[in-house]
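Chemist: sequence plus the predicted model coming up.
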Amino acid sequence: MRLLVLGGSWFVGRVVVDDAVGRGHEVMVFNRGRSLARFPDGVRRIFGDRESPQDLRRLASHGPWDVVVDVAGSVPAVVRRSVEALADVAGRWVFVSTISAYRDWPHAPVDETSPLWDGDPDVDPGIRRWDPDAYGPLKVGCELACRQAFGDERLLVLRPHVVLGRHEYVGRLPWWLSRMSRGGQVLAPGPDRAIQPVDVRDLAAFLLNQVERASNGVFNVAPRSEAASYGDMLNACAQATADQRRTPLELVWADEGWLVDQGVRQWTELPLWRHAAAPWGMNVDRAHAAGLKCRPLADTVADTSKWLRTGGRPVDHERFSEHGIAPDKEAALIRRWLDRTPPPASASSRTHG
């Protein structure tokens, strides 16, 4: 097939491009060229800004394509102009959305029929900074813009949970790997809490498999909730960084409610941890029935660690600095937790050499 990927140089799109080329598809990418991404041989790159009507018209002249994959759209008005400019030269459209589109997340389990935030396909907030409160409603607006241009029959929407793996620029898993490599006592929450991050390679593979099958509709994309726990992830990070440490590592598991009372910022200071009813309550039956395969979380952790240690570097992004707890704050919290909590019958910490 002939594919156009909008973006394609940061994270998900980059892996989609690599996978698509490996499958023998003809791939073109359209982006501003601000990253230093290197693409496989044969990928044609068109430089331009999707916020420019002139650039979109120029891009359309390079069509047609069997499928356009939008991994980067986040401003509804910009996405609307993109789909309108390319509707006549694209057979089908794939839009990568997010679990944040669901109004009830993370406070209730969600499936593809769960209520969404109100979205407006014509809205443009006028700023391009990351805004966690606006992100979900804006993505819903983008979905609506795509549906207006392509209808249900020609549109595939994927709503992944948190995506991890090589090229991750948000900084969640990289922070945990960096923290584990330092060793010492590590503040750790919720060892038994289920967790559902999806490996970027599995997301890309599922996307392309559905493209090749001409699928449409909406799919939540993540492993099943019973596949791994938060403790599994942290222990995998500890194992992946074992040979980098000179100081033994001890995971100190603190009560989640206590951490909330201490003012620990959820989701960022201890990345991927949130003390809510259903932060990892995504129903993924539809995607798994359609063939989604998710590798073990430990494989994602090990591959990301290897990528970082061999010179891999994500694109610079403002969200990276949001993640991680300051060493002095972490140490003070650990002292406070250990002082107030007698050791239980079963170990409350685990030491890794």
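Modeler: Nice, thanks for sending it over.
Chemist: what's the helix or strand for residue 205?
Modeler: Using DSSP states H and E, residue 205 sits in helix 200-212.
Chemist: give me the nearest residue to residue 129, chain neighbours excluded.
Modeler: Distances taken as C-beta to C-beta, 6 or more residues apart in numbering put residue 318 closest to residue 129, at 6.9 Å, once the chain neighbours are dropped. The C-beta positions use only the backbone N, C-alpha and C, and glycine is treated the same way.
Chemist: re the thing from before, I'd like to check the angle between the following helix or strand past the helix holding residue 205 and helix 200-212, please.
Modeler: On the C-terminal side of helix 200-212, the nearest following helix or strand under DSSP H and E is strand 217-221. Compare the direction of strand 217-221 with that of helix 200-212 by axes from the mean of the first three to the mean of the last three C-alpha atoms, to 10 degrees and you get 160 degrees.
Chemist: so what strands line up beside strand 217-221?
Modeler: Sheet pairing of strand 217-221 (DSSP bridges) gives strand 155-160 (parallel).
Chemist: now the strand it pairs with: average pLDDT?
Modeler: Mean pLDDT, computed over strand 155-160, is 98.
Chemist: in the sheet, which strands lie alongside the helix or strand just after it, parallel or antiparallel?
Modeler: Scanning forward in sequence from strand 155-160 by DSSP H and E, the next helix or strand is strand 163-164. Using DSSP bridges, the strands paired with strand 163-164 in its sheet are strand 198-199 (parallel).
Chemist: so how far is the strand it pairs with off the chain centroid?
Modeler: Centroid displacement of strand 198-199 relative to its chain, using C-alpha atoms, centre = their mean, to the nearest Å, is 8 Å.
Chemist: also stretch 232-246?
Modeler: 22 Å.
Chemist: ends of it, what's the gap?
Modeler: From its first residue to its last, stretch 232-246 covers 23 Å (C-alpha to C-alpha, to the nearest Å).
Chemist: and that stretch, what's buried?
Modeler: Buried positions in stretch 232-246, judged by neighbour count with 16 or more other C-beta atoms under 10 Å: 232-241, 245.
Chemist: nearest to residue 44, of those residues?
Modeler: Nearest to residue 44 among the buried residues of stretch 232-246: residue 240, at 36.3 Å, using C-beta to C-beta.
Chemist: in JSON lines, list the buried residues of stretch 232-246 along with secondary structure.
Modeler: Listed next are the buried residues of stretch 232-246 as JSON lines, based on DSSP: H, G, I helix; E, B strand; the rest coil:
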{"residue": "232", "secondary structure": "helix"}
{"residue": "233", "secondary structure": "helix"}
{"residue": "234", "secondary structure": "helix"}
{"residue": "235", "secondary structure": "helix"}
{"residue": "236", "secondary structure": "helix"}
{"residue": "237", "secondary structure": "helix"}
{"residue": "238", "secondary structure": "helix"}
{"residue": "239", "secondary structure": "helix"}
{"residue": "240", "secondary structure": "helix"}
{"residue": "241", "secondary structure": "coil"}
{"residue": "245", "secondary structure": "coil"}
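Chemist: helices and strands of the chain: which one bottoms out on pLDDT?
Modeler: strand 349-352 (a mean of 62; mean pLDDT, DSSP states H and E).
Chemist: ok, the residue nearest to residue 129 - how many residues close by?
Modeler: 10 (other C-beta atoms under 10 Å).
Chemist: how close does it get to residue 170?
Modeler: For residue 318, the distance to residue 170 equals 10 Å [C-beta to C-beta, to the nearest Å].
Chemist: all helices of the stretch 201-350 of the chain, in order?
Modeler: With DSSP state H, counting those that start in this stretch as the criterion, the stretch 201-350 of the chain has helices at 230-240, 256-261, 285-289, 297-309, 327-340.
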